[in-house]
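Undergrad: I would like to see how this sequence folds:
(chains A and B)
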Amino acid sequence: MLIRRPTDIASSEITPEDVYFNRRKFIRAAAAGAAGLALAPSALTAATEESPQEIPARFQNLRSELDERLNSYEDITTYNNFYEFGTDKSDPARNSGDFNPRPWTVEISGHCNKPGNYQLEDFLAPHRLEDRVYRLRCVEAWSMVIPWRGFPLADLVRRAEPTGDAKFIEFRTVVRPEEMPGQRANILPWPYVEGLRMDEAMNPLTLLVTGVYGLDLPNQNGAPLRLVIPWKYGFKGIKSIVSIRFVEEMPVNTWQESNSYEYGFYANVNPEVDHPRWSQARERRLPGLFRNRETLMFNGYGEQVAHMYAGMDLARWK
Amino acid sequence: MTSKRTIVALKVVLWLGALAPGAWLVTGIFRGWLGANPIETLTHVTGMTTLVLLLLTLSVTPVRRLTGWNPVIRLRRPFGLFAFFYALCHFSIWFVFDMVFNVGWMLQDIAERPYITVGMAAFLILMPMALTSTRGWIRRLGRKWSTLHKGIYVAATLGVVHFYWLVKADTRLPVLLGACLLVLLGLRVPGVTGRLSRRQATRGGSAAAAGDTRPREGAASLSGSSAP
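TA: Numbers count the residues shown, from 1 in each chain, chains lettered A, B, ... in the order given. Presented below is the predicted three-dimensional model:
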């Protein structure tokens, strides 16, 4: 892979802006070519540009790199696990109407040279958004194919200039019980917390997402800013992010805190390691009816990510 | 006569109520109400309906004992059979769409996933009960019939445990169902209903009914069926 491991990134090593932009182009070119990871319908736009109101025509016959059809916008935006708005899959679409994703502030903190509170517009301004079609595999054994819109988390990480003490990144969801009815009950310990190891964060597949189908993210999908890590179970994709913190210790993510017997930190899609309550060998590709699709190791992204876990016992580090 | 008419009315309500979830699901399939994952919706609604109907089945006898109104027992069999009907739908949906007719996968899941193990056990307990619910079987089995049908205590408990074990975080609903089940089982502890209804009687309730609120096994039901 083209991306260096986190251990290679010393605190003294700060990439100048022009270099990292060039590196991004390099990565993207490589990705679109040999690695075949991204399927971006080459729709790079400046983050500051207004999103369209209707789904652009270029999505009509778009497929994944495995020639999979996209799920409909309706399915993607009405079937969500976002417990802040309720535990039923239809709750987020139904209960998120009062949520205000603007104005929005993101705090960058911890072991980095550029901490601060950023207005969302300023936070996004330096980045160019691109569309990427990814499979989403939920830990509940269903899956979808979704055209996200966002930019690599790696770009943000470089901009924040983490120091050598930064081994992990911890993300937090906003806490607004007055706008998020699910947070009024102690279903999970709020706020929702997720984390990534530094090399996982730097992997070019890891996206900070602001949209779907070329449109701004709807509230139920994690507006205005969420994470998408396509080789991990969906719950790693933390939504409505307000805090990005560079830390030394492995963060305890919410599901692990809630039930450490069933959920771990890594949550890599792995057909060989079953969840205690259901098999992960197969999945139901929505809107299909049968749960008969073989689940792929790392959700089919092994070529891009398997090297990060070389030598790790993935049954133990679930 | 009034009693008979009341029972008929109650049965009509029971049938309409019990068929409603199924009618909603079937209509939903054709109208596309069931969302992006209709199989999940079908599974959840049939499972939930089974549990509610099992609890309703279990509430018939306490209601009879507390009110002393014996004809209510005639609602027990239809409640129980509807519960089994939804359990059968629940199982079939899982076997067809989740296990894709693969018996090997099914056995593996039953063996490895505790919530499926208990769910399947509950279903297997209900099956002979449903099959022996006719008058002929009640007569043929005699005492054994009532022993066999005490299986509902186990089946309902396993059903609630099945639900509790499968939810990921929000256990409020299964806990609520569990509490209802505990109350219904608690009312069966010898002496509890007797005391409750006697107290009601002394407060000037239906004094006539309070005399013998715990009839002997097999005495109450018109169809000859008895406890549970």
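Undergrad: Show me where chain B has its strands.
TA: In chain B, no segments count as strands under DSSP state E.
Undergrad: just chain A next, same as before
TA: A:45-46, A:105-110, A:116-119, A:128-137, A:142-152, A:168-173, A:193-197, A:207-212, A:215-216, A:226-228, A:241-247, A:282-285, A:293-294.
Undergrad: Quick one, which of those strands gets closest to B:L181.
TA: Ranking the strands of chain A by distance to B:L181, with CB to CB as the measure, places strand A:142-152 first at 30.1 Å. C-betas here are computed from N, CA, C, even on glycine.
Undergrad: Next to chain A, which bits of chain B? Give me the list.
TA: B:35-40, B:97-100, B:105, B:108-109, B:112-115, B:165-170, B:172 (CB under 8 Å from any CB of the partner chain).
Undergrad: Could you rerun that using 7 Å?
TA: Residues of chain B found near chain A (CB under 7 Å from any CB of the partner chain) are B:35-37, B:39, B:97-98, B:100, B:109, B:113, B:115, B:165-166, B:169-170.
Undergrad: who touches residue 59 in this structure?
TA: Chain wasn't specified; assuming chain A. A:L70, A:P147, A:Y213, A:G214 (CB atoms under 7 Å, 6 or more residues apart in numbering or on different chains).
Undergrad: you looked at the wrong chain, it should be chain B
TA: B:S59 sits in contact with B:L184, where contact means CB under 7 Å, 6+ apart.
Undergrad: While we're on it, how confident is the model there?
TA: For B:S59, the model assigns a pLDDT of 97.
Undergrad: B:F91 too?
TA: Value for B:F91, per-residue pLDDT: 98.
Undergrad: from the residues of chain B next to chain A, which is closest to chain A?
TA: B:A36 (3.6 Å; CB to the nearest CB).
Undergrad: What about that closest one, how many residues nearby?
TA: 21 (other CB atoms under 10 Å in any protein chain shown).
Undergrad: residue contacts, the most centrally placed residue in chain B?
TA: The centre of chain B sits closest to B:L54, judged by CA atoms, centre = their mean, with a distance of 1.5 Å. Counting by CB under 7 Å, 6+ apart, B:L54 makes contact with B:A83, B:I152, B:A155, B:A156, B:G159.
Undergrad: For those, give me TSV that also has neighbour count and pLDDT.
TA: Listed next are the contacts of B:L54 as TSV, based on neighbours: other CB atoms under 10 Å in any protein chain shown; pLDDT from 0 to 100:
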residue	neighbour count	pLDDT
B:A83	28	98
B:I152	22	97
B:A155	26	98
B:A156	28	98
B:G159	29	98
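Undergrad: Closest one to chain A out of the residues you listed, please.
TA: Ranked by distance to chain A (CB to the nearest CB), the contacts of B:L54 are led by B:G159 at 16.3 Å.
Undergrad: Just give the nearest non-adjacent residue to the closest one, would you?
TA: B:A122 (4.6 Å; CB to CB, 6 or more residues apart in numbering or on different chains).
Undergrad: Select from the contacts of A:F59 the one having the most neighbours.
TA: A:P147 (25 neighbours).
Undergrad: Among the strands of chain A, which comes closest to chain B?
TA: strand A:142-152 (5.9 Å).
Undergrad: Can you say which of the residues of chain B next to chain A are buried?
TA: Among the residues of chain B next to chain A, those classed as buried by 16 or more other CB atoms under 10 Å in any protein chain shown are B:G35, B:A36, B:N37, B:I39, B:F97, B:D98, B:D109, B:R113, B:Y115, B:W165, B:L166, B:D170.
Undergrad: how about low-confidence regions in the chain?
TA: The chain I'm using is chain A. Low-confidence segments of chain A, defined by pLDDT under 70: A:1-43.
Undergrad: was after chain B, sorry
TA: B:1, B:193-194, B:197-228.
Undergrad: In contact with A:R284, which residues are there?
TA: Here A:R284 is in contact with A:A141, A:W142, A:F290, A:R291, B:I39 (CB under 7 Å, 6+ apart).
Undergrad: Just list whatever residues bridge to it.
TA: Beta bridges link A:R284 to A:W142, judged by DSSP bridges.
Undergrad: quick one, helices of the stretch 151-300 of chain A?
TA: Assigned by DSSP state H, counting those that start in this stretch, the stretch 151-300 of chain A shows helices spanning A:153-160, A:198-202, A:254-258.
Undergrad: My error: substitute chain B in the last question.
TA: Using DSSP state H, the helices of chain B run over B:2-31, B:38-67, B:76-93, B:103-112, B:114-131, B:135-141, B:143-149, B:151-166, B:172-186, B:192-202, B:207-210.
Undergrad: separation between the nearest residue in space to A:L153 that is not next to it in sequence and chain B?
TA: Spatially, and ignoring its direct neighbours in sequence, A:L153 is nearest to A:T206 (4.5 Å; CB to CB, 6+ apart). Here the distance between A:T206 and chain B works out to 24 Å (CB to the nearest CB, to the nearest Å).
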